[in-house]
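Visitor: model this:
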Amino acid sequence: MLASNQMRLMKQLGELFLRSGLGVFWLVLMVSGSGCVVRAAFSVALAWDPSSDTNVVGYVVYNCVVDTNHINSIDIGNQTSATITNLLEGVTNLFFVAAYDSDRVESVPSNLIATNLPGTFPPPTISAVADYRLGRNSSTGPISVTIGDAILGASSLSVSAWSSNPTLVPNGNLLLGGWDSNRTVTVVPVLEEVGSALITLSVSDGVTNASTSFLLVVDPALSSDLVHLPIEAESATLVSPMAAAADPGASGGQFIATSDFGSGTATFGVNIPVAGTYLILCRVLAPNQSDGSFIVSADDGALDILDASQGTWTDGWRWTIVNWSGGFKVSDSVVDESVFPFTAGQHTITFWGLHPDIGLDEILLTNDRNYIRVRPELTVPADQTINELSTLVVTNTATDTNILTKALSFSLVGAPEGVSLDSDSGVLTWTPGEAQGPSTNLITVKVTDNGSVRLSDSRSFTVVVNDVNSAPVLSVPPDLSINELTTLVVTNTASDPDIPANQLSFSLVEAPVGVSLDPDSGVLSWTPGEAQGPSTNRITVRVTDNGSPPLSDSRSFTVVVNEVNSAPVLTPISDQVAFAGIQLIVINSATDPDIPANILTFSLDPGAAAGAVIDPSNGLFTWTPATSQVSSTNSVTVRVADNGVPSLSDARSFNIVVVSPPIIEAVVATSGSVRIAWSAIPGKIYRVQFKSNLSESSWNDLNGDVVASGFTATKTDVIDSNAQRYYRVALLR
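Guide: Residues are numbered from 1 along each chain as shown. You can find the predicted model right below:
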């Protein structure tokens with residue numbers, strides 16, 4: 001059983017124990033009374049519970065430095081404790097134990113225990129690299145560096161590299177090679193780029209690292225030593241069943257091939273005059289569509305595949321490229337292009353036969369990554385017909401039946417305005433404008449490779465553009481606000497995109513009563529009536545062209561009509577004659593034009609005769625003049641006001657002349673007539689009325705009113721001498 005303090009230590013560590021077919025056990029650090037790890041020259045003491053499995057015959061203790069890939073192991077035998085010495089200082093050390101049986105089959109590991117040991121951990125070392133200068137479109141070849149570590153083996157160290165100028169040298173163009181303490185870096189600048197970049201190399205042991213830098217200058221003034229090394233395939237050292245065969249279509253009349261799948265080799269000795277990265281090009285014949293043709297190795301290094309079909313199979317001799325994952329890929333290369341870093345001097349290249357009857361005629365080694373041997377072939381679309389304002393999208397394609405087919409760019413030789421062409425994909429787009437239809441247009445496209453001597457191919461096709469009627473575009477006024485009874489005048493405008501423009505006419509789609517629209521000018525006018533305020537009114541206008549077919553555009557705007565209070569109108573009042581002591585009644589009336597009509601209130605302006613009153617609701621005017629006011633003329637102004645906002649009013653004035661009532665002064669009867677005389681006022685009109693009996697309900701008028709010419713007026717009534725009548729006189733005006 002474990003001691004209680006050891007159990008507490010395990011619980012504090014919180015490690016998950018593992019079960020295996022060889023039992024369950026725990027590993028702990030032995031702890032002294034002070035709680036310090038027991039160390040002697042950086043050593044630790046370990047102890048573990050024995051496995052409960054009876055098949056266990058021994059134990060192995062493992063230890064390593066955290067974050068490194070180097071693990072030490074010690075076979076302890078049938079012991080349950082061990083002391084591990086010579087541990088690294090200044091790092092975190094990790095320990096675990098595995099049990100094993102008589103067949104040396106190990107269990108899964110025990111729990112993990114880690115401890116920090118004081119001290120320092122020495123960093124790895126890396127040698128300096130001299131600055132490098134080269135010409136455009138060349139590369140450095142493998143540059144040697146030496147790495148080391150005072151504690152760990154050089155094989156466990158990792159090397160990385162990066163560039164300060166990825167435009168000139170992307171990080172993907174830093175090719176790392178070598179093994180153990182002897183490492184290499186090959187720098188491949190991007191094609192056609194010049195300038196400088198600081199290249200940094202870093203070595204890491206997983207805990208610490210060291211680095212060195214050197215300056216790479218790509219100088220356009222320096223010439224690039226371009227190498228092209230052609231080698232006949234039959235000159236290789238051949239191992240059966242790889243053998244030479246005759247073919248008049250092959251270079252030198254011979255080629256090589258294997259007769260047995262995966263057997264036979266051809267080894268070429270090559271003297272590389274200039275260090276750099278090289279392409280391996282091959283002239284091959286593939287009578288079928290097999291992808292894997294040969295396996296290729298340079299200097300017995302990583303293997304590459306020579307794919308004879310290259311995605312576009314043909315049964316004729318063709319140039320292709322060694323292109324699979326064994327070679328180095330640089331970030332600016334085509335997808336299937338591998339480069340091989342070679343130092344200057346002697347090298348070997350070996351071809352293993354893979355598929356029988358795949359012929360190899362010759363190989364070519366070149367550091368010219370722009371090298372292309374044949375002219376690209378361009379294919380353009382068939383002749384096209386589209387409508388103006390519609391978008392044409394077509395794809396031009398090109399093939400290079402040999403090498404570097406992606407190193408092609410498309411361009412326009414001749415095309416109408418607006419045509420665009422993607423230089424990489426060959427996708428052509430064009431939206432002909434209104435002025436470009438109808439028309440017939442010739443488009444000429446060119447494809448160009450990026451070889452040292454640039455080759456190109458050009459083709460043309462025709463695009464017929466049909467004229468299409470386009471809808472006019474209408475512009476209406478913004479939303480508006482006006483008062484009722486005021487006139488709105490606005491202009492709607494429209495344009496027609498057709499060339500020449502069509503004739504346009506305006507019309508109303510939706511509008512309130514009273515709106516008018518000139519069909520030619522687009523001028524709209526409206527005077528909202530009293531009943532149309534307040535209101536919000538949507539007006540929709542349409543413009544239509546005379547194209548074939550006619551097309552139109554509609555737009556709407558809103559007119560808010562504000563309610564405006566209008567003044568009431570008082571009916572004119574004629575001058576009046578009032579009799580002293582008799583009440584004068586004048587009925588006044590007024591109208592309000594607002595809808596709904598406002599409430600009206602009548603009143604008298606200051607200056608009215610004393611005692612004159614008017615009913616505020618119905619306008620009834622009453623006044624009884626005094627006897628003392630006889631022969632006076634009194635001016636009265638009647639006003640009517642509404643309850644609108646603001647309150648508005650109307651006023652009318654009239655005169656009241658106060659007179660004595662007419663008094664019959666004499667009634668003279670003669671044979672067949674009666675003459676009536678009464679007091680009068682010159683210029684006033686009087687009417688004589690009669691009754692035959694006072695009990696009659698109404699008075700009868702004598703024919704003919706009398707205009708007084710003096711202060712006495714008369715009227716004669718012709719009657720039967722036996723008749724009886726009662727008379728009265730009324731002042732009319």
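Visitor: mind listing the strands for the stretch 101-250 of the chain?
Guide: Counting by DSSP state E, counting those that start in this stretch, one finds strands in the stretch 101-250 of the chain at the ranges 113-116, 125-126, 132-135, 143-148, 158-163, 174-179, 182-187, 195-204, 209-219, 228-232, 237-239, 242-246.
Visitor: export those strands to TSV and tack on mean neighbour count, distance to N588 and mean pLDDT?
Guide: All C-beta atoms are positioned from the backbone trio N, CA, C, and that covers glycine. Formatted as TSV, those follow (neighbours: other Cβ atoms under 10 Å; distance: least, Cβ to Cβ, whole Å; pLDDT from 0 to 100):
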stretch	mean neighbour count	distance to N588	mean pLDDT
strand 113-116	15	113	79
strand 125-126	18	118	96
strand 132-135	16	115	94
strand 143-148	18	119	96
strand 158-163	18	105	96
strand 174-179	17	109	92
strand 182-187	21	112	96
strand 195-204	19	104	96
strand 209-219	17	109	96
strand 228-232	15	121	90
strand 237-239	16	136	96
strand 242-246	16	133	93
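Visitor: which among those strands is found nearest to D650?
Guide: D650 sits nearest to strand 195-204 of all the strands of the stretch 101-250 of the chain, at 94.0 Å, using Cβ to Cβ.
Visitor: that closest one packs against which elements?
Guide: strand 125-126, strand 158-163, strand 182-187, strand 209-219 (3 or more Cβ pairs under 8 Å, 6 or more residues apart in numbering; DSSP states H and E).
Visitor: any chance of those in TSV, with distance to T397 too?
Guide: Putting the helices and strands packed on strand 195-204 into TSV (distance: least, Cβ to Cβ, whole Å) gives the following:
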stretch	distance to T397
strand 125-126	49
strand 158-163	35
strand 182-187	35
strand 209-219	34
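Visitor: what's the closest of these to S481?
Guide: S481 sits nearest to strand 158-163 of all these, at 67.8 Å, using Cβ to Cβ.
Visitor: returning to what we had before: closest one to A669 among the helices and strands packed on strand 195-204?
Guide: Once these are compared by Cβ to Cβ, strand 158-163 is nearest, at 148.0 Å.
Visitor: tell me where this protein has helices.
Guide: 4-13 (DSSP state H).
Visitor: so it: which segments form each domain?
Guide: Domain assignment for the chain by automatic domain parsing gives 4-116, 125-219, 228-366, 377-466, 473-562, 569-658, 664-731.
Visitor: end-to-end on the fifth one?
Guide: For domain 473-562, the first and last residues are 31 Å from each other (Cα to Cα, to the nearest Å).
Visitor: now that domain: average pLDDT?
Guide: When pLDDT is averaged over domain 473-562, the result is 95.
Visitor: I'd assumed G269 was in contact with Q346.
Guide: Yes. Look at Q346 against G269 with Cβ atoms under 8 Å: they come within range, at 6.6 Å.
Visitor: between the two ends of stretch 694-706, how far is it?
Guide: Start-to-end span of stretch 694-706 (Cα to Cα) is 24 Å.
Visitor: for that stretch, which positions count as buried?
Guide: 702, 706 (16 or more other Cβ atoms under 10 Å).
Visitor: also stretch 240-256?
Guide: For stretch 240-256, a neighbour-count test (16+ other Cβ under 10 Å) marks 242, 244, 250, 254-256 as buried.
Visitor: turn those into CSV, including distance to P662.
Guide: Putting the buried residues of stretch 240-256 into CSV (distance: Cβ to Cβ, whole Å) gives the following:
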residue, distance to P662
M242, 158
A244, 161
A250, 153
Q254, 159
F255, 154
I256, 156
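Visitor: so which residue is dead centre in this protein?
Guide: T391 (21.0 Å; Cα atoms, centre = their mean).
Visitor: need the phi and psi values for that residue.
Guide: phi -100, psi 130 (degrees, to the nearest 10).
Visitor: got it, and F711?
Guide: Dihedral pair for F711: phi -90, psi 0, per degrees, to the nearest 10.
Visitor: quick check: the nearest residue to it once chain neighbours are set aside vs V668, distance?
Guide: Residue nearest to F711 in three dimensions, not counting chain neighbours: A680, with 5.9 Å by Cβ to Cβ, 6 or more residues apart in numbering. Distance of A680 to V668, given as Cβ to Cβ, to the nearest Å: 17 Å.
Visitor: between these two, who's got more neighbours?
Guide: Per other Cβ atoms under 10 Å, whichever of A680 and V668 has more neighbours is A680, with 25 against 11.
Visitor: what sits against the more buried one?
Guide: A680 is in contact with 662, 686, 708, 710-713, counting by Cβ atoms under 8 Å, 6 or more residues apart in numbering.
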